[in-house]
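J.: dropping the sequence and predicted coords here.
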Amino acid sequence: MTAAENVCYTLINVSSDSEPPSEVSLKADLEKGEIKAKTEALKKVIIMILNGEKLPGLLMTIIRFVLPLQDHTIKKLLLVFWEIVPKTTPDGKLLQEMILVCDAYRKDLQHPNEFIRGSTLRFLCKLKESELLEPLMPAIRACLEHRHSYVRRNAVLAIYTIYRNFEHLIPDAPELIHDFLVNEKDASCKRNAFMMLIHADQDRALDYLSTCIDQVHTFGDILQLVIVELIYKVCHANPSERARFIRCIYNLLQSSSPAVKYEAAGTLVTLSSAPTAVKAAAQCYIDLIIKESDNNVKLIVLDRLIELKEHPTHERVLQDLVMDILRVLSTPDLEVRKKTLQLALDLVSSRNVEELVIVLKKEVIKTNNVSEHEDTDKYRQLLVRTLHSCSVRFPDMAANVIPVLMEFLSDSNEAAAADVLEFVREAIQRFDSLRPLIIEKMLEVFHAIKTVKIYRGALWILGEYCSTKDDIQSVMTEVRRSLGEIPIVENEIKKETGEVKAEDEVSAAPAQKLVTEMGTYVTQSALSSSRPSKKDEDRPPLRGFLMDGDFYVAASLATTLTKVALRYVAIVQDKKKQNSFVAESMLIMVTVLHLGKSSLPKKPITDDDVDRISLCLKVLSECSPLMNDIFNKECRRSLSHMLTVRLEEEKMSQKKESEKRNVTVQADDPISFMQLTAKNEMTSKDDQFQLSLLAAMGNTQRKEAADPLASKLNKVTQLTGFSDPVYAEAYVHVNQYDIVLDVLVVNQTNDTLQNCTLELATLGDLKLVEKPSPLTLAPHDFANIKANVKVASTENGIIFGNIVYDVSGAASDRNCVVLSDIHIDIMDYIQPASCTDAEFRQMWAEFEWENKVTVNTNITDLNEYLQHILKSTNMKCLTPEKALSGFCGFMAANLYARSIFGEDALANVSIEKPIHLGPDAPVNGHIRIRAKSQGMALSLGDKINLSQKKSNV
């Protein structure tokens, strides 16, 4: 174990700008100074020793003039001093002076002040010299009977560490602590004693637990947590003990401490797969989520519930608790609600879907009454999507859901209304029995729709699915109502002139004079100024859209009228009625065209919309069977095909998920009998406590580690050349928000290098946590230096720096070796993610940073290039497999990923294979990357450029 990896008990901040004092001045202060001067001098001595100074001459001075003092601050500093000061001679023998120190500490262990006793006992935990500890053992034992709990609990810790390091000094420690534990009343002392027995003598710990197993629920939470850990470890090592302790774990689920409940629930699930145990643990988790106010805690516990669901046998138990899980929706946090709805949707079955839908309908109605807030709109969208999924999986529910949701088509929030519209479109196509109900509700809310996009969608649905004479007449009535009086142009001109006359009659006000910026007078016409906003409000919705210049809705209206007119002609036999309906439809289209060509709208009609409306007029004037077939059959066939493909994709993804979860057992697998299995083979799962400890230390073993390319050697960066006096290389370990640099430093000279310091600086959103401490390197010696860097966002960071050192005995200035830059790879933070097409388009429009990367590769196959990009950027392809299959010489795909910091990254790949250059021609095209931050967009672009260059090699 190197010096850098030794256990560190005390961290002391050192100001780098202070001058190191001389040994003579320190000696004078320690001998003759006041208490304050001695305190400051002692602090300086400690800092100098930490920096590598030996200061052997001051040892006796401190023993003579500082050790006898009774000042508490000095006593505390002395504990730090004796921890770090060298206590042995170069040949490893204990210094003679340490006998005097030992005697002083024996007196401190008998001191009447409990603080001095307790802090001395804590210091003894850090001593590694058995010769110093041996004379103190009787005094340490005596401290177990002290009146104050602070002394007793530290005495237990001291005995534990001494027993662990030097068992011969106190061989009867487990028995002594067991007797102490039986008679002890203080919770913290009992916890420390029990913890020692767990690690030193587990059988005695179990004996004690057996005697008081019925009183466990009355203990303090710190002791209960240790008891949970013991039960887990015992049952993990020896499964036959499970029955003995499982009742105790059940009792701890009722503990008043949330931490104990959480640990007990986790332990219960690992000990037993019985449905009652899983149900009790899940119920405990749900209670914790509801009662805990911290959103981070809620998310962590929700993750545990999701883990439970992954187990096929546990999933059935959790299905009965769906209604309890939905209680979590009372939390205002959107992320918690999102996870809860996803979990509920995964667990829903035909038994509980009705109750689930009732709760979700209530939640949807609640969002309507809440004051408008960004999260309210997003939550409403989540609820709509969840109800959509429920209705698709359980068609019987659609009839209950649709009437409630269709009220939201008139919502001012376009995103929520668009989700409802998408749901209605799928429902009306899939469920023939619901068509009359949907048409009826659609006609009811049609006039109240506020946004043009939703209006277009509603028009399309009405045009596509109105099949009876009455429904078609109702659609025409609603269109006329929404359009107002026609012809529109004449009506608008009449309105304007009519309002001018009315204004003149009321008040013959003179024309108003205004002054311009240049000081000249202008006259403002009464006609132009008297266009009140009231008139805009009075306009019917469709006319309002057209007057705003949105003529795309006019093209949609023309298509709808054409469909219903063709259908009306097929249904109604009366020629007069047929001609009347077709003429009315054509009149509406013509008046819209007239309006578009006039100067009244804010923007004129586009050529595309003119072409579309003209085509519809031509179709209605000719009424050919071919056009009838295209308008009334092909459109619906396309929608049906799209929905079928989407459903197949969902089924495929669900099948993949279920295949992952199902535990497949081969027919020739050996059967493991519990009674015949060796203890070390029983551990089907890893020790969770050990895994969590490793995760906290950043030593998590990733699954990919089995891959030889993912070994540590692949992440080693050479920092200096082989001919430099100091050779250095670094292993870069990325652990989410932390980067640990493990730098190997080798002295390649024949000199001793003093104050060898690794100086680092960062570029980008990286922050160095602490400055590495200086080292002294013997000739041809080596050492490891560790440095921690915090990461704040996803962008390419650079760590650069140098190594400075002094050569022992040389009078020259400090020497410096400049290090190569370490580039931090953003791929460690980017993870594949998925989102809907609508979300992708919305983010694409919102994100302001775009990076356009030109494709430059030697890969000749389009699909192969796409897979290469996905692999090198960790992004997920959102474009369906079917859309990418086949070969047409061109490919367009949308990619999406999210960083661990919650940043989104979008990419659009547009590539083609130039066929005229032959079959071996490389792929060319562009990749457009969009992100919220500049760093993310640039870093991803750099990564793609680098990976392309690598593929060329």
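T.: Yep, it's here.
J.: distance check, the closest residue to Thr313 other than its chain neighbours against Val317.
T.: Excluding the flanking residues, the one nearest Thr313 by C-beta to C-beta, 6 or more residues apart in numbering is Ser273, at 6.2 Å. Bear in mind the C-beta positions are built from the backbone N, C-alpha and C, glycine included. Distance of Ser273 to Val317, computed by C-beta to C-beta, to the nearest Å: 10 Å.
J.: okay, these two: which has more neighbours?
T.: Legend: neighbour count by other C-beta atoms under 10 Å for Ser273 and Val317, higher for Val317 (22 against 12).
J.: look up phi and psi at that one.
T.: phi -70, psi -40 (degrees, to the nearest 10).
J.: how much space between it and Tyr262?
T.: Look at Val317 and Tyr262: by C-beta to C-beta, they are 19 Å apart.
J.: same question for Arg481.
T.: 60 Å.
J.: ditto for Leu777
T.: Here Leu777 is placed at a distance of 47 Å from Tyr262 (C-beta to C-beta).
J.: low-confidence ranges in the stretch 351-500 of the chain?
T.: Applying pLDDT under 70 to the stretch 351-500 of the chain flags the ranges 369-374, 412-413, 488, 494-496, 498-500.
J.: in the stretch 551-700 of the chain, where is pLDDT below threshold?
T.: 628-629, 632, 653-700.
J.: of Arg481 and Tyr262, who's got more company?
T.: Neighbour totals were compared for Arg481 and Tyr262, and Tyr262 leads with 23 against 13 (other C-beta under 10 Å).
J.: would you check that the more buried one makes contact with Val301?
T.: Yes: the pair Tyr262 and Val301 qualifies as a contact (C-beta atoms under 8 Å) at a distance of 6.8 Å.
J.: anything in contact with each of those two?
T.: Tyr285, Leu288 (C-beta atoms under 8 Å, 6 or more residues apart in numbering).
J.: any idea how far Ala565 is from Ser580?
T.: Note on Ala565: its distance to Ser580, by C-beta to C-beta, is 11 Å.
J.: neighbour count winner among those two?
T.: Neighbours were counted for Ala565 and for Ser580 using other C-beta under 10 Å; Ala565 has more, 25 against 13.
J.: contacting residues around the closest residue to that one other than its chain neighbours?
T.: Closest residue to Ala565 apart from its sequence neighbours, by C-beta to C-beta, 6+ apart: Ser585 at 4.5 Å. Counting by C-beta under 8 Å, 6+ apart, Ser585 touches Met476, Leu561, Thr562, Val564, Ala565, Leu620.
J.: can you lay out the residues you listed as TSV showing distance to Ile46 and secondary structure?
T.: Shown next, in TSV, are those (distance: C-beta to C-beta, whole Å; DSSP: H, G, I helix; E, B strand; the rest coil):
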residue	distance to Ile46	secondary structure
Met476	93	helix
Leu561	90	helix
Thr562	91	helix
Val564	91	helix
Ala565	95	helix
Leu620	96	helix
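J.: of those, which is the nearest to Thr717?
T.: Thr562 (67.4 Å; C-beta to C-beta).
J.: the closest residue to that closest one other than its chain neighbours: what's it in contact with?
T.: Excluding the flanking residues, the one nearest Thr562 by C-beta to C-beta, 6+ apart is Cys616, at 4.4 Å. The contact partners of Cys616, by C-beta under 8 Å, 6+ apart, come to Ala558, Thr559, Leu561, Thr562, Met589.
J.: what of His733?
T.: Counting by C-beta under 8 Å, 6+ apart, His733 touches Gly698, Lys715, Ile739, Val740, Leu741, Asp742.
J.: would you mind confirming that Ala937 makes contact with Ala931?
T.: Yes: between Ala937 and Ala931 there is a contact under C-beta under 8 Å: 4.2 Å.
J.: overlap of the contact sets of those two?
T.: Common contacts of Ala937 and Ala931, defined by C-beta under 8 Å, 6+ apart, comprise Trp849, Asn851, Ala905.
J.: number of nearby residues for the second one?
T.: In this case it means Asn851. 20.
J.: the host helix or strand of it: how far from the chain's middle?
T.: Following DSSP states H and E, one finds Asn851 within strand 849-854. With C-alpha atoms, centre = their mean, to the nearest Å as the basis, strand 849-854 stands 26 Å off its chain's centre.
J.: any idea of the angle the very next helix or strand once past that strand forms with strand 849-854?
T.: Counting by DSSP H and E, the next helix or strand C-terminal to strand 849-854 is helix 862-873. On the basis of axes from the mean of the first three to the mean of the last three C-alpha atoms, to 10 degrees, helix 862-873 is oriented at 130 degrees to strand 849-854.
J.: Ala448 contacts Glu407, correct?
T.: No: if you go by C-beta under 8 Å, Ala448 and Glu407 don't touch, sitting 9.1 Å apart.
J.: higher neighbour count, those two?
T.: Using other C-beta under 10 Å as the criterion, Ala448 and Glu407 rank with Glu407 on top: 16 against 11.
J.: quick one: secondary structure of the more buried one?
T.: Here Glu407 is recorded as helix under DSSP: H, G, I helix; E, B strand; the rest coil.
J.: ok, the residue lying closest to it once chain neighbours are set aside to Ala907 distance?
T.: Closest residue to Glu407 apart from its sequence neighbours, by C-beta to C-beta, 6+ apart: Val445 at 6.7 Å. Using C-beta to C-beta, we find Val445 at a distance of 39 Å from Ala907.
J.: the more surrounded of those two?
T.: Under the neighbour definition other C-beta under 10 Å, Val445 and Ala907 were set side by side, and Ala907 has more, 26 against 15.
J.: how about that one, secondary structure?
T.: Classification of Ala907 by three-state DSSP places it in strand.
J.: now swap in Glu759 and tell me
T.: Reduced to three states by three-state DSSP, Glu759 is strand.
J.: who's in contact with it?
T.: Residues near Glu759 by C-beta under 8 Å, 6+ apart: Lys771, Gly801, Asn802, Ile803, Val804.
J.: what about the third one, which helix or strand?
T.: Assessed by DSSP H and E, Asn802 sits inside strand 797-807.
J.: I am finished for the moment; much appreciated.
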